[in-house]
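>>> coordinates for the following, if possible.
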Amino acid sequence: MTLPIRRRTIGLLVFAGVFVLGCVISTSTRFRDMPLPPDGVHVDAPFRAHMRDGSLVTFSRGASFERGIINGQGARFTVTRVDAGPTLTVPLDSVLGLEVVERQVNPGRTAIYLPLSVAATVVASAVLAVAIFGSCPTIYVDSAGVQALQAESFSYSVAPLLAKRDVDRLDVRPDANGVIRLDVRNEALETHYIDQLELLEVRHRRDEFVLPAPRGTPVAVRNQFQAASARDRTGRDVRRLLAAADGAWFASADSVLASAAAGGTVEDFIDLTIPRLPGRDTLAVVLRARASLLSTEVLYDYMLSRPGPRSLDWLETDLGRITSLARLAKWYTDNFGLRVSVFDGTRWHPVVRLMDFGPVAWRDVAAVVPALGSGDSVHIRLSFTADEWRIDKATLAWDVRRTEPRTVGVARVTVPGSGALEDAAAALRNVGDHPLATYPGQRFLADFDVGPSDSSRTFLVASSGYYTEWVRPRWIDGRTTNTAFDPGTKIQDVLRSWIAAKDSLERRFFTARVPVL
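Below you'll find the model as predicted:
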């Protein structure tokens, strides 16, 4: 966000960024919201009309819109998705929203869909016109009888070619039966396609902390400590903000963001100074962080809202072409991500770029870096576009080692009120041609048989897949360009838009989730 390149490889390159009523042909199906066209317009694209009463009308050959009526060869389905027969006309004032159905035939690929919950359908439909919450699959675990958010998966995999694997640390222990249960939810106006879901079990010493790391297996660290000095671009001392995972997090100073938006230096940074430990040539930077909504603003505003109807073509066509993906990849990696560099006494050496953090769940991760330089201290820089990150913790550890995790596949998948789903469990055990698809308001429970509790084990969840964002009609109504997103867009322009939108977007984003039943 090299031909030929496998779908999963492209996903790592770029962002290292409705209901199926019966499928006879093997396809990948995407669903998009569509604005109500003016009178006298014929639409060739197949679409589905979600009715205010929860029922559904499909127009597989398109339809005409005239005098507030949809005319076409429609098929109506009840709220429980029972075929109610043909429908030739639908009053527009009875429609909650329209979703374009775009099909790309892929032999051998057929998604598995969760059973349709009537309650979830009605609730999701009711909030469709007002909710703006956007996130990839959110994963919850039981914590003292309360479901606690632990992870969000494949945050920037917004198309099939961008599908990728994510690994997140879980704070969880098996129950008395040796089972870990994950509650996987779709709380957004998105369609999620989950190719695989598994646990990684790491055995370790009691005083070790295990967490994922880029470019390899998870690492175990011991004896974490604070940097002797931690200062941002303004010279502000941020050691207290980074000392512990306590909810007091770092964010770029307003002056840095304002300067960047006005054409000044776009980059913010945190410089860490660490006393050198003789005989050690490697250390780990341990971070607990999440993205701000800056990337979400780019997706919502620049990629989907400003282009208007052209955003549908962008999602369907541009994100399906390797050439256009390459341009998007360069723009994204040039402007986004958290870069970790080490100073050798003369210049900064880039070591790793961290990309895959969502805006909802905090993510723990370690960056293993060389202790370059020859003085008494090691100097490490965390750099990023102004206001792109929220960092709750940044500590260091000289005691770091790679681990060899054991993989645990899904034993059972259940849906509240529907029982066990053997085909869904099988789909999640292996990456292949049968992803599990979920829609707004849906959830499933994934059980893993890991054996009795043991404090010397840490579990991480590994997932892979992608999601498709539903374009809101009001985004299309507010279009300003009617042309597809331009990867040549200046980041300063984006930052100016972010300053204007951030307060209202943050306020609404975290309060408008799709209810999950």
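>>> need the contact list for Ser255.
Residues near Ser255 by CB atoms under 8 Å, 6 or more residues apart in numbering: Thr234. For glycine as for every other residue, the C-beta is placed from the backbone atoms N, C-alpha and C.
>>> going forward, count from 24.
Taking 24 as the first residue, the last one we looked at is Ser278.
>>> check what pLDDT it gets.
Looking at Ser278, its pLDDT stands at 97.
>>> pull out the buried positions in whatever helix or strand it lives in.
Under the criterion of DSSP states H and E, Ser278 resides in helix 277-284. By 16 or more other CB atoms under 10 Å, the buried positions in helix 277-284 come out as Val279, Leu280, Ala281, Ser282, Ala283, Ala284.
>>> Ile217 and Ile162, how far apart?
To Ile162, Ile217 is 11 Å away according to CB to CB, to the nearest Å.
>>> ugh, wrong one, I meant Trp421
From Trp421 over to Ile162 (counting by CB to CB), the distance is 32 Å.
>>> what of Leu518?
Using CB to CB, Leu518 is found at 31 Å from Ile162.
>>> leaving out chain neighbours, which residue sits closest to the most centrally placed residue in the chain?
The chain has Ser178 as the residue nearest its centroid, 1.7 Å off, counting by CA atoms, centre = their mean. Excluding its sequence neighbours, the residue lying closest to Ser178 (CB to CB, 6 or more residues apart in numbering) is Gly381, at 3.7 Å.
>>> same deal with Phe366?
His402 is the one closest to Phe366 (CB to CB, 6+ apart), at 3.9 Å.
>>> model confidence for that neighbour, exactly?
Looking at His402, its pLDDT reads 98.
>>> now Asn209
Per-residue pLDDT puts Asn209 at 89.
>>> go ahead and confirm it touches Thr461.
Yes: contact criterion CB atoms under 8 Å: Asn209 and Thr461 qualify, at 4.3 Å.
>>> can you list residues touching both of the two?
Shared contacts of Asn209 and Thr461, counting by CB under 8 Å, 6+ apart, come down to Pro160, His215.
>>> compare neighbour counts for Ile217 and Ile162 and give me the winner.
Ile217 (28 against 21; other CB atoms under 10 Å).
>>> strands paired with the helix or strand hosting Arg204, and their directions?
In the assignment (DSSP H and E), Arg204 maps to strand 202-208. In the sheet containing strand 202-208, its partner strands are strand 161-166 (antiparallel), strand 466-472 (antiparallel), by DSSP bridges.
>>> check the offset of the shortest one from the chain's centre.
When C-alpha coordinates are averaged (CA atoms, centre = their mean, to the nearest Å), strand 161-166 and its chain have centres 16 Å apart.
>>> can you give me the buried ones in that strand?
Applying 16+ other CB under 10 Å to strand 161-166 flags Thr161, Ile162, Tyr163, Val164 as buried.
>>> quick one on the thing from earlier: the strands paired with strand 202-208: which one's closest to Thr319?
Evaluated with CB to CB, the strands paired with strand 202-208 place strand 161-166 nearest to Thr319, the distance being 14.5 Å.
>>> can you pull the buried residues of the next helix or strand after the closest one?
Later in the chain than strand 161-166, the nearest helix or strand by DSSP H and E is strand 169-175. Within strand 169-175, the residues scored as buried using 16+ other CB under 10 Å are Leu172, Gln173, Ala174, Glu175.
>>> neighbouring strands - and their directions - for strand 169-175?
In the sheet, strand 169-175 lines up with strand 161-166 (antiparallel) (DSSP bridges).
>>> quick one: contacts of the partner strand?
Under the criterion CB under 8 Å, 6+ apart, residues 170-176, 191, 193-195, 203-210, 383-384, 484, 486 lie in contact with strand 161-166.
>>> just the buried subset of these, please.
172-176, 191, 193, 195, 203-210, 383-384, 484, 486.
>>> all set now, cheers.
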